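S.K.: Fold the following for me, if possible:
(one chain, ligands or ions: 1)
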Amino acid sequence: MDASDRTIATERIRRLQELAREAVRADRPDRARRYVRLARRVAERHRLTLPHRFRRFTCDRCDAYLVPGRNARVRTREGHVVVTCDCGEHARYPYD
Ligand SMILES: [Zn+2]
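M.R.: So this is what the prediction gives:
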């Protein structure tokens, strides 16, 4: 695997993230999950770290792509951001 393979993989992940967001907006959450899972597999295969936004706005339990106000709630609490998926899963991140 060379550098250009990784560049292509990075671009593919970015595109899948975009498609997942669009799918949620179009009320196709299952399609969004497929894109999320595919992006995770691409990252794994190429040993890439998923983009910051991807990690924050995907649910670790149900693989939903999270769009606040649509299928997720975002709250700020004591220096943390708490993202809650419609499935009930919470994720806490340091505020930045
Ligand atoms: Zn979830």
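S.K.: quick one: the strands in the protein?
M.R.: Using DSSP state E, the strands of the chain run over residues 72-77, 80-85, 90-94.
S.K.: So which of those strands is nearest the ion?
M.R.: When the strands of the chain are compared by Cβ to the ion, strand 80-85 sits nearest the ion, at 3.2 Å. The way it works is simple: take the backbone N, C-alpha and C, and place the C-beta from them, glycine included.
S.K.: ok, the closest one: who's next to it in the sheet?
M.R.: strand 72-77 (antiparallel), strand 90-94 (antiparallel) (DSSP bridges).
S.K.: check whether the lengthiest helix in the chain contacts the ion.
M.R.: For the chain, the longest helix by residue count, based on DSSP state H, is helix 3-25. No: Helix 3-25 lies apart from the ion when judged by Cβ under 5 Å from the ion; the minimum separation is 12.0 Å.
S.K.: Report all helices and strands that that helix contacts.
M.R.: Applying 3 or more Cβ pairs under 8 Å, 6 or more residues apart in numbering; DSSP states H and E, we find helix 3-25 packed against helix 29-45, helix 52-56.
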